[in-house]
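Undergrad: Following is a predicted model, sequence given first.
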Amino acid sequence: MFASGRAWSLGSLFGTPIYVQPGYLLTILLFWYFWRGILPEAPFMALLLIAFAITLSLLVHEFGHVLAARLNGHRSQVLLVAMGGLTMPSGESRGWRGVFLSLAGPGAGLLLFAILSFLVPPPDPEDRTLWPKLLDLLLQINLVWSLFNLLPIWPLDGGQALQNLLTTFRRAHEAERISALVSLVVAVAIGFFLLQAHQTFAVIMVAMLAFDNWERLQRTR
């Protein structure tokens, strides 16, 4: 599917092909810029640590979707892209099956967060290895990214779950219109909150989501 050179194959995991687009590498560099202070004396090692933590977390998230798709009877491909990942099933899951598919990704991330929080012993304060820093990164990424993805904003997983839920009792056009409206309102509200908290990068991301849903709302009139 990605023979055009727009993505590189990373092989497969549990029979699921994995691809990565060049934009994903820019994402790694962006997060390294914000988190490079975790190892100020070794910036290259910090880059490798951040790349590993982000990639592992994204694969856990996407394979939550992959598992749900398989339970729905579909095989999938995983694509790592700028600012996240995509799971592309071989077929469409509608209604409650679609809700389950959408929530499975954040659910997998929160499950990993719970395992790391409650089942993995905390690092020794005297531990000078990379493990305490890696553990901290994995906890942050899987909690924050999972909760962010659960927001009812299209195309986040929460927004897709909302639209699939709406299609169980509304026509597809109505469901999309309501989904776009809810997504726009929530994105604007969260954007103002983040603006007050001086989270500039997050504000930009939410503003982009708000604009996308404004366009969706115009198309569904």
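TA: Alright, I've got the coordinates.

Undergrad: ok now the helix or strand Pro132 falls within, how far from the chain's centre?
TA: Per DSSP states H and E, Pro132 falls inside helix 131-149. The chain centre lies 12 Å from the centre of helix 131-149; the measure is C-alpha atoms, centre = their mean, to the nearest Å.

Undergrad: do stretch 91-101 as well
TA: The answer for stretch 91-101 is 18 Å, by C-alpha atoms, centre = their mean.

Undergrad: quick one: low-confidence ranges for this protein?
TA: Within the chain, the segments meeting pLDDT under 70 span 1-5.

Undergrad: Show me which positions of the helix holding Pro132 end up buried.
TA: 133-135, 137-139, 141-143, 145-146, 148-149 (16 or more other C-beta atoms under 10 Å). Where you see a C-beta, it was placed from the backbone N, CA and C, and this is true even at glycine.

Undergrad: likewise stretch 92-100?
TA: Quick answer for stretch 92-100 (16+ other C-beta under 10 Å): Ser93, Arg97, Gly98, Val99, Phe100.

Undergrad: residues in contact with the host helix or strand of Ala114?
TA: Using DSSP H and E, Ala114 falls within helix 95-118. By C-beta atoms under 8 Å, 6 or more residues apart in numbering, the residues outside helix 95-118 that reach it are 57, 60-65, 67-69, 71-72, 87, 89, 92-93, 135, 138-139, 141-143, 145-147, 149-150, 157-158, 160-161, 164-165, 167-168.
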